[in-house]
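okay, sequence plus prediction incoming.
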Amino acid sequence: MKVTLSLEKSKSNDLAIMVDVLRASTTIVAALDNFKKILPVSDKNLALKLSKKMNCLIAGERNGKKIREFDIGNSPIDIQKKSGEILILTTTNGTRVLNQIKCRTLIGSFINAKSVANVALKLANEHIDIVMAGVKGNFALEDFLGAGEIIKYMKNVELSEYAKSALLASMNKDEVDKAVKDSLSAKKLKKLGLYKDVEFCLKRNISNNVPYYNGKYIVNLKDLRNLGSITQSPDRSSS
Ligand SMILES: O=C(O)[C@H](CS(=O)(=O)O)OP(=O)(O)O
Ligand SMILES: [Mg+2]
């Protein structure tokens, strides 16, 4: 099994794991405790229109700040106080990057690293590409270290040098925590009074949820019973 690392766009036709530690991936993992499925939307006006038409909760932000007309922002802590059938979500990077990936896609973070690694190894045929969301096309340290945390749980795989670098960089938990807390994304969230989200996003393996994006919705694969239905890449021609 080959494991590679990319920024924004995926190099795999087999399986991708999208990582957006601060905060979209963490919010998506946390939201699946109380929502059946999540509709990731890239455009905020479309998201608002859909939420009215489908009469469901809408969450999202731009540049870290809650979008004014939305019910909540992109906080993994706040989303745990809500529940429902469908959640509509749009964020600055994570949902946009998700909609650009054409192969089967899981969503990973620090809070579900072990579970997403295990499911990825069961689902992939030969190539897992971990796709860092980054920030508006730029490298984001927290996504690199989050990818490394996931790779930690992938034994007997062939790592690219990029993937190996992420693994090496994520070995020391205290150093990882300090680096993420000092990251540009974390500093932005701290300025917005959202530092508690940063601390939450650094918790290790508090969730077994494994979000899977089927080209329309994000659903939870945690009990593995659904695996049989997703052996092939979804048809994303319409998205
Ligand atoms: O909502 C977030 O924490 C970030 C905002 S920004 O990228 O730091 O401006 O968005 P996300 O899509 O979760 O990376
Ligand atoms: Mg981010």
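Thanks, I have the structure now. Ligands and ions are numbered 1, 2, ... in the order given.

isn't residue 100 right up against residue 8?
Yes - proximity of residue 100 to residue 8 meets the contact threshold set by CB atoms under 8 Å, at 6.9 Å. C-beta here means a position set from N, CA and C on the backbone, and glycine is covered the same way.

which of these two has more neighbours?
More neighbours sit around residue 8 than around the other of residue 100 and residue 8, counting by other CB atoms under 10 Å; the figures are 19 against 14.

beta-bridge partners for residue 61, please?
Here residue 61 sits in beta bridges with residue 66, as judged by DSSP bridges.

return the distance of it relative to residue 95.
Residue 61 sits 10 Å away from residue 95, going by CB to CB, to the nearest Å.

pLDDT below threshold where in the protein?
223-239 (pLDDT under 70).

quick check: buried residues in the one helix or strand residue 200 maps to?
Applying DSSP states H and E as the criterion places residue 200 in helix 195-201. Of all the residues in helix 195-201, those buried under the rule 16 or more other CB atoms under 10 Å are 197, 198, 200, 201.

name the helices or strands packed onto that helix?
Under the contact definition 3 or more CB pairs under 8 Å, 6 or more residues apart in numbering; DSSP states H and E, helix 195-201 sits against helix 24-31, helix 173-181, helix 184-191.

could I get the second one in PDB with only the CA atoms?
Think helix 173-181. Extracted as PDB, the C-alpha positions of helix 173-181 are listed here (Å, rounded to 0.1, in the frame of the first residue of the first chain):
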ATOM      1  CA  LYS A 173       3.100  15.200  21.100                       C
ATOM      2  CA  ASP A 174       4.200  18.200  23.200                       C
ATOM      3  CA  GLU A 175       6.100  19.700  20.300                       C
ATOM      4  CA  VAL A 176       3.100  19.100  18.000                       C
ATOM      5  CA  ASP A 177       0.700  20.800  20.400                       C
ATOM      6  CA  LYS A 178       3.000  23.800  20.800                       C
ATOM      7  CA  ALA A 179       3.600  24.100  17.000                       C
ATOM      8  CA  VAL A 180      -0.200  24.000  16.200                       C
ATOM      9  CA  LYS A 181      -1.000  26.500  19.000                       C
END
